[in-house]
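> Please work out how this folds:
(chains A, B, C and D)
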There are 2 protein chains.
Amino acid sequence: MAEKAQPAKKPQSRADREADRRRVILRAAVEVFSRKGYHGCRIQDVAKEAGVAYGLVYHYFKNKDELLESVFASGWHGFLGRVQAEILRDQHIAARTRAIVHVAFEAYRRDPRAVKVLILEVGRSPAGGAVNRGSAFSEVIVAAAQMFEEAQRRGELPAHLDPTLCATMLFGCIEMGLTSFVMGIVDKRDDAAIDRARDQVTETFLHGITGAQPAAAAPASAPRAVEPPSKPRLPRTGH
Amino acid sequence: MAEKAQPAKKPQSRADREADRRRVILRAAVEVFSRKGYHGCRIQDVAKEAGVAYGLVYHYFKNKDELLESVFASGWHGFLGRVQAEILRDQHIAARTRAIVHVAFEAYRRDPRAVKVLILEVGRSPAGGAVNRGSAFSEVIVAAAQMFEEAQRRGELPAHLDPTLCATMLFGCIEMGLTSFVMGIVDKRDDAAIDRARDQVTETFLHGITGAQPAAAAPASAPRAVEPPSKPRLPRTGH
DNA sequence: CTGGAAATTGATTCCAGAATCAGCGCGGAG
DNA sequence: CTCCGCGCTGATTCTGGAATCAATTTCCAG
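Numbering: from 1, shown residues only, chains lettered A, B, ... in the order given. A predicted model of the protein is given here:
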């Protein structure tokens, strides 16, 4: 694994080797978690996968939970950071949305197993686990919601939409899209398929939000409450 | 918790009482699972919640897994059935889509805790568990995909869209929408909020798929592979 | 070279909690 | 009224696996 482009070779200081080990164990954990699930695997499995003694795992991680926590943190962190960066960019909402979707699908392309763990495993951390699916998703969703809100102020997005709900839908599409890959519903590692999925998700979502009617007549059922369409709408939009 | 308001009546036959017990335990399981999660709770907790002896749980369910399985089956089953019914109805794709979303949100309104368990807990059934999130979602998604495909044949939906992906996005929006309620991101039991969410999800999604362009130019980043933009539209966008 | 500190090992301990089982008592049949 | 059997009970047993720890090896400084 050590593709750590070590210039010459040898003199990894203690600290270096230590960090290395840590990384090896972390990688092994991702692998094993993605294969058998957090609860379905033993620390022993992780140790074996890492080619390391059982006890060493405990040298680097306080306990199994902390291991999961670390796996999650290292993975989610990068993702969150990249998404935040896109959100803060000064661009049209459509561009930023595209970029966010791109980041997510790119992450999947780079390391499907890690994405699988993030999507499937994290979130079931025992009560009190500080980092869990809930708070994690909250973070991105809140951030994205702010982005949409700002877009509304700029007039790039219809005012009648709930920004938080927009964010929710965006990540819902992304998550489920990736889930269907992870689950094999859509089929594995077809790069073209990934691209196609990404583009359809992006464009469908964008077209949906930029042109959605303020809850038109709903033949389905349910009396609608709320939201007098104060701002007739953004120009362009469909048809 | 025995709010089983059994004032006078008594003469339930053996069989009745038996079925009753089973139901009581099942309800208790939903309650406990939703509160502490499948792995985070003990059979003892379920027994206590049901006001029943520890051993009795094993009288009605072979083991803990089967208990979860039953909880899932009873919940998912109803949902799947109702969705299937809507899918098979002979109506315009928009109407059917609205109905599906409606079913999902109505289920949440009726029993949020059950929905929470379905969304959050099921899916990690130990290796081999027949019923799990994967196969479950597969089922609805495949069914919905057929619906979209048929809609395309009828000309109710642009032909360039991948039907499976449409289904994926639809349930992605639904799931994440409900998740945000379950998680409290959007806030609890506000009936109006539920309605609003349902409508926005529905209309945004519908508008998105019925009018989406086939992957336009992407100013964002990422050199897009695939999809020669035959229709170079979607002007607005970037900067 | 040498001492000892840190890294590494895996057998051992310990325990949560699943699953079992030997009765108990209620309610219905005779 | 009495006796039988089955729904029901919960203490007891058993197990898998997390966490510990004493022993061993590796590595570096002096």
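
> Check whether the lengthiest helix in chain A comes near DNA strand D.
Criterion DSSP state H: the longest helix present in chain A is helix A:64-88. Yes - judged by C-beta under 7 Å from any atom of the strand, helix A:64-88 comes into contact with DNA strand D at A:64, A:65. Where C-beta positions appear, they are placed from N, C-alpha and C, glycine not excepted.

> what pLDDT, on average, does that helix get?
The pLDDT scores in helix A:64-88 average 90.

> Could you give me the buried positions within the very next helix or strand once past it?
Next helix or strand after helix A:64-88 toward the C-terminus (DSSP states H and E): helix A:93-110. In terms of neighbour count (16 or more other C-beta atoms under 10 Å in any protein chain shown), helix A:93-110 has its buried residues at A:93-105, A:107-108.

> got the contact list for the longest helix of chain A?
Helix A:64-88 is contacted from outside by A:25-26, A:29-30, A:33, A:38, A:43, A:46, A:57, A:61, A:96, A:99-100, A:103-104, A:107, A:114-115, A:117-118, A:121-122, A:125-126, A:129-131, A:136, A:139-140, A:143-144, A:146-147, using C-beta atoms under 8 Å, 6 or more residues apart in numbering or on different chains.

> Now do the same for the closest residue to DNA strand C within chain A: helix, strand or coil?
Proximity of chain A to DNA strand C (C-beta to the nearest atom of the strand) peaks at residue A:55, 1.9 Å away. Classification of residue A:55 using DSSP: H, G, I helix; E, B strand; the rest coil returns helix.

> if I look at it, how far off is residue A:44?
11 Å (C-beta to C-beta, to the nearest Å).

> okay but residue A:172 is in contact with residue B:170, surely?
No - taking C-beta atoms under 8 Å as the definition, residue A:172 is not a contact partner of residue B:170, at 9.5 Å.

> number of nearby residues for residue A:71?
27 (other C-beta atoms under 10 Å in any protein chain shown).

> quick one: pLDDT of residue A:140?
So, for residue A:140, pLDDT stands at 86.

> Identify each buried residue in stretch A:24-32, please.
Applying a neighbour-count criterion of 16+ other C-beta under 10 Å, one finds A:24, A:25, A:26, A:27, A:28, A:29, A:30, A:31, A:32 buried in stretch A:24-32.

> Check which helix or strand the fourth one maps to.
Pointing back at residue A:27 there. Assigned by DSSP H and E, residue A:27 falls within helix A:14-36.

> Contacts (any at all) between chain B and that helix?
Yes - contact between helix A:14-36 and chain B, assessed by C-beta under 8 Å from any C-beta of the partner chain, occurs at residue A:36.

> tilt between that helix and helix A:64-88?
Interaxial angle of helix A:14-36 relative to helix A:64-88 (axes from the mean of the first three to the mean of the last three C-alpha atoms, to 10 degrees): 90 degrees.

> re earlier: relative to helix A:93-110, how tilted is the longest helix of chain A?
Relative orientation of helix A:64-88 versus helix A:93-110 (the same axes, to 10 degrees): 150 degrees.

> buried ones in helix A:64-88?
By 16+ other C-beta under 10 Å, the buried positions in helix A:64-88 come out as A:64, A:67-73, A:75-76, A:79-80, A:82-84, A:86-87.

> what sits against residue A:89?
Contact analysis of residue A:89 by C-beta under 8 Å, 6+ apart lists A:95, A:96, A:99.

> Just confirm residue A:152 contacts residue A:164, I think it does.
No - counting by C-beta under 8 Å, residue A:164 is not a contact partner of residue A:152; they are 11.9 Å apart.

> Would you mind listing where chain A has pLDDT under the threshold?
The model of chain A has pLDDT under 70 over residues A:1-16, A:120, A:122-134, A:187-189, A:211-239.

> need the residues of it near DNA strand C, please.
So far as C-beta under 7 Å from any atom of the strand goes, chain A lies against DNA strand C at A:14, A:17, A:18, A:21, A:52, A:53, A:54, A:55, A:56, A:58, A:59.

> Mind giving me the ChimeraX select for the residues you listed, buried ones only?
Remark: buried members of the residues of chain A next to DNA strand C, expressed as a ChimeraX selection using 16+ other C-beta under 10 Å:
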select /A:52
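
> phi, psi of residue A:89?
phi -60, psi 150 (degrees, to the nearest 10).

> how near is it to residue A:208?
On the measure of C-beta to C-beta, residue A:89 and residue A:208 end up 22 Å apart.

> and what of residue A:174?
14 Å.

> What parts of chain A come near DNA strand D?
A:13, A:14, A:42, A:43, A:44, A:54, A:55, A:58, A:63, A:64, A:65.

> Which ones among the contacts of residue A:89 also lie next to chain B?
Filtering these for neighbours of chain B using C-beta under 8 Å from any C-beta leaves A:95, A:96, A:99.
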